[in-house]
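**Student:** missing the sequence, but the structure's below:
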């Protein structure tokens, strides 16, 4: 069966919040084009007078950003490997932009990465330089491996300050090696010709041993700051294409102001940075969190128009009573980084509709640079639980267990889904018809999903990464994915062409002969107020339960028989709901689930017996 993910006309589907979203109103297929976006370069194309960023020290234009960035990166050898420790600060943004403009390969890590993790990654990847983008005294140290053990190299640090117009160079005209930056100030120091000669010689020797692939531009971790050596290899085409798609479907303009709420080194957070750079928009840089008064003061003073968040972000915003906040400048908010509970999705869809704010649920993976799908905001309350449709220039297919997949879909080019009838053959798609939408929220129940064919979600697009790397030697490899990504997520697609994730390919267990979806168990517990994570092996399911929250939830949850403890109650609850004997469930109560920088649960740490998470367990 042909499952068409291209999107149809929205003229008959009124927006929930047209007051602030005029750009989305009455959009038809003919109105959507990328010709005004794609030719621009993400790191070169913004008008010089546009405001590029604002931080606590003030603002800088794109002209100033480019000047600072080029001064910083001038002496880094093109195609060298630089490990950039990133924070939501101006000096990180300047270093990142400068290095990408310089055609340097950037390995991006969080500035607060544990030293032991950092040492391990340095040993694996042997970067030519390390740039510290998070120094309280507004200095950026550049490390080079001609220093013993990557100690700070005196020739490559500076405390001197001069203006951006200073052209401090060595006698042979080589630009400065290290530049520390802040608003309208660039700190420079001339470096001896001998020091630069030595550094470049080391880079040359490494290039002979491991020639970095010419298309490689960026390395992003798949696991936050957990210490995994696996990084995703991204090309400039990957970065450019995904940013262009995001600009298109979010309708980002130069008037937008995105405030940082996610780590710079996290693919979702970086996608917000990249898409706003491409649009010539403003980035509001702050290390303050949602719980800091300074964050909201900075937000209001600079009239932020958008921010992004993972499910944990939105759970925290609910605690902060987002529904009562007066944020007149806010145009739209986005959610990705994991499944948001259906209750929260509906709540935010309704609250945002009342406030005239677009609420846009998205889906992505680092392996696809960032984004793969989005749910049009006018359908946020109608397609609860859906990840929406493929982003512009992307397409989905579902690979069934019997290895029979739906035919490849055409790239998405407009904003709303169309349904398609049966094709006459496997290779000839039928003409798409006008979309049909239900008027009630489309909660996908187990009964309705049982009637849909589930399979692994496969994504195609120019934003699919080149592959993985685990050490420096892997950086010579070319594109091993060829624009195709097996996501590892199990999905279904409805009659309107909207996709829904129902589990992970590797998140299924056989329990007493029954196939158990661990993600569905977590969702079941979440819907009943429990914060929990499910792992295990066949015939033995382990449930890790946050005890403080769960005890409150237990009071409101009904079970069929009296129980002696929270853990016993949860075992009985799961038994009642699944029909499995309660002995299948081992419930471990813990103070807090371990999460990475993006708020995702770290399942490997849950099963690490060396960690003192456990408060109690029962079987």
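**Tutor:** All right, it came through fine. Because the structure is predicted, anything quoted here is derived from the model rather than measured. Residues are numbered from 1 along each chain as shown.

**Student:** and residue 230, how many neighbours does it have?
**Tutor:** 11 (other Cβ atoms under 10 Å). For the C-beta atoms, the positions are set from N, CA and C on the backbone; glycine is no exception.

**Student:** for residue 586, same thing?
**Tutor:** 17.

**Student:** now swap in residue 292 and tell me
**Tutor:** A count of nearby residues for residue 292, using other Cβ under 10 Å, gives 12.

**Student:** per-residue confidence for it?
**Tutor:** Listed pLDDT for residue 292 reads 96.

**Student:** residue 32 now?
**Tutor:** 31.

**Student:** show me this protein divided up by domain.
**Tutor:** According to automatic domain parsing, the chain comprises the domains 51-209, 236-392, 396-419+430-461+480-509, 511-618.

**Student:** how about those, which one is nearest residue 473?
**Tutor:** Of all these, domain 51-209 sits nearest to residue 473, with 8.5 Å by Cβ to Cβ.

**Student:** what are the ranges of the strands in the stretch 51-200 of the chain?
**Tutor:** Along the stretch 51-200 of the chain, the stretches classed as strands by DSSP state E, counting those that start in this stretch are 51-55, 58-61, 81-86, 105-110, 129-132, 142-144, 178-182, 185-189.

**Student:** in its sheet, what does the third one sit against?
**Tutor:** It stands for strand 81-86. Strand pairing for strand 81-86, using DSSP bridges, gives strand 105-110 (parallel), strand 129-132 (parallel).

**Student:** same check on the first one?
**Tutor:** Here strand 51-55 is paired, per DSSP bridges, with strand 58-61 (antiparallel), strand 282-284 (parallel).

**Student:** what residues sit buried inside the first one?
**Tutor:** For strand 58-61, a neighbour-count test (16 or more other Cβ atoms under 10 Å) marks 59, 60, 61 as buried.

**Student:** can you tell me which of those is closest to residue 301?
**Tutor:** Nearest to residue 301 among the buried residues of strand 58-61, with distances taken as Cβ to Cβ, is residue 59, at 11.5 Å.

**Student:** relative to residue 329, how far out is that closest one?
**Tutor:** Counting by Cβ to Cβ, to the nearest Å, the separation of residue 59 from residue 329 is 16 Å.

**Student:** out of the strands paired with strand 81-86, nearest to residue 276?
**Tutor:** Across these, residue 276 has its closest neighbour in strand 105-110 (17.0 Å, Cβ to Cβ).

**Student:** pLDDT on the closest one, on average?
**Tutor:** Strand 105-110 shows a mean pLDDT of 95.

**Student:** what does it rub up against?
**Tutor:** 79-87, 96, 99-100, 118, 121, 125, 127, 212, 216-221, 224-225, 231, 263-266, 270, 475, 597 (Cβ atoms under 8 Å, 6 or more residues apart in numbering).

**Student:** likewise for stretch 526-543?
**Tutor:** 341-343, 509-512, 516, 518-519, 521-522, 525, 544-546, 549-550, 552-553, 556-557, 570-571, 573-574, 584-588, 593, 601, 603, 606-607.

**Student:** correct me, but residue 52 touches residue 65?
**Tutor:** Yes - judged on Cβ atoms under 8 Å, residue 52 makes contact with residue 65 at a distance of 4.1 Å.

**Student:** returning to what we had before: hey, least reliable of the strands of the stretch 51-200 of the chain by pLDDT?
**Tutor:** Among the strands of the stretch 51-200 of the chain, strand 185-189 carries the lowest mean pLDDT, a mean of 27.

**Student:** please tell me how far residue 507 sits from residue 230.
**Tutor:** For residue 507 relative to residue 230 (Cβ to Cβ), the value is 19 Å.

**Student:** equivalent analysis for residue 472, please.
**Tutor:** To residue 230, residue 472 is 14 Å away according to Cβ to Cβ.

**Student:** then residue 543?
**Tutor:** From residue 543 over to residue 230 (counting by Cβ to Cβ), the distance is 28 Å.

**Student:** what do you get for residue 295?
**Tutor:** Distance, residue 295 to residue 230, by Cβ to Cβ: 32 Å.

**Student:** buried ones in stretch 255-271?
**Tutor:** 256-271.

**Student:** and if you look at stretch 280-300?
**Tutor:** Buried residues in stretch 280-300, counted by 16+ other Cβ under 10 Å: 280-288, 290, 295-296, 298-299.

**Student:** show me those that map onto strands.
**Tutor:** 282, 283, 284 (DSSP state E).

**Student:** ok, so of those, who is nearest residue 133?
**Tutor:** Taking Cβ to Cβ as the measure, residue 133 lies nearest residue 283 of these, at 14.3 Å.

**Student:** quick check, that closest one in contact with residue 50.
**Tutor:** No - between residue 283 and residue 50 there is no contact under Cβ under 8 Å: 11.1 Å.

**Student:** got a markdown table for the buried residues of strand 58-61, with distance to residue 41 too?
**Tutor:** A markdown table is the format used below for the buried residues of strand 58-61 (distance: Cβ to Cβ, whole Å):
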| residue | distance to residue 41 |
| --- | --- |
| 59 | 23 |
| 60 | 19 |
| 61 | 17 |
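
**Student:** what about stretch 277-284, how long is it end to end?
**Tutor:** Using Cα to Cα, to the nearest Å, the end-to-end distance of stretch 277-284 comes to 12 Å.

**Student:** and if you look at stretch 502-512?
**Tutor:** Stretch 502-512 has an end-to-end distance of 21 Å (Cα to Cα).

**Student:** hmm, who's touching it?
**Tutor:** Here stretch 502-512 makes contact (Cβ under 8 Å, 6+ apart) with 449, 454, 456, 488-492, 515-520, 536-541, 580-581, 584.

**Student:** in that stretch, which residues are buried?
**Tutor:** Those would be 502, 503, 507, 508, 509, 511, for stretch 502-512 by 16+ other Cβ under 10 Å.

**Student:** and what of stretch 342-356?
**Tutor:** Quick answer for stretch 342-356 (16+ other Cβ under 10 Å): 342, 344-353, 355-356.

**Student:** avg pLDDT for that stretch?
**Tutor:** 96.

**Student:** stretch 504-514 now?
**Tutor:** Average pLDDT, stretch 504-514: 76.

**Student:** how long is that stretch from one end to the other?
**Tutor:** Stretch 504-514 stretches 16 Å from its first residue to its last (Cα to Cα).

**Student:** first-to-last residue distance for stretch 460-480?
**Tutor:** End-to-end distance (Cα to Cα), stretch 460-480: 13 Å.

**Student:** sorry, back to before: of all the strands paired with strand 51-55, which one comes closest to residue 305?
**Tutor:** Across the strands paired with strand 51-55, residue 305 has its closest neighbour in strand 282-284 (8.8 Å, Cβ to Cβ).

**Student:** quick one: contacts of that closest one?
**Tutor:** Applying Cβ under 8 Å, 6+ apart, the contact partners of strand 282-284 are 50-55, 59, 93, 256-260, 272-273, 276-277, 298-299, 302, 304.

**Student:** recalculate using a threshold of 7 Å.
**Tutor:** 51-54, 93, 257-260, 273, 276, 298, 302, 304 (Cβ atoms under 7 Å, 6 or more residues apart in numbering).

**Student:** report the buried members of the contacts of stretch 526-543.
**Tutor:** Buried among the contacts of stretch 526-543 (16+ other Cβ under 10 Å): 341-342, 509, 511, 516, 518-519, 521-522, 525, 544-546, 550, 553, 570-571, 573-574, 584-588, 593, 601, 603, 606.

**Student:** scan the protein for its longest strand.
**Tutor:** strand 484-493.

**Student:** which elements pack onto it?
**Tutor:** strand 455-460, strand 499-504 (3 or more Cβ pairs under 7 Å, 6 or more residues apart in numbering; DSSP states H and E).
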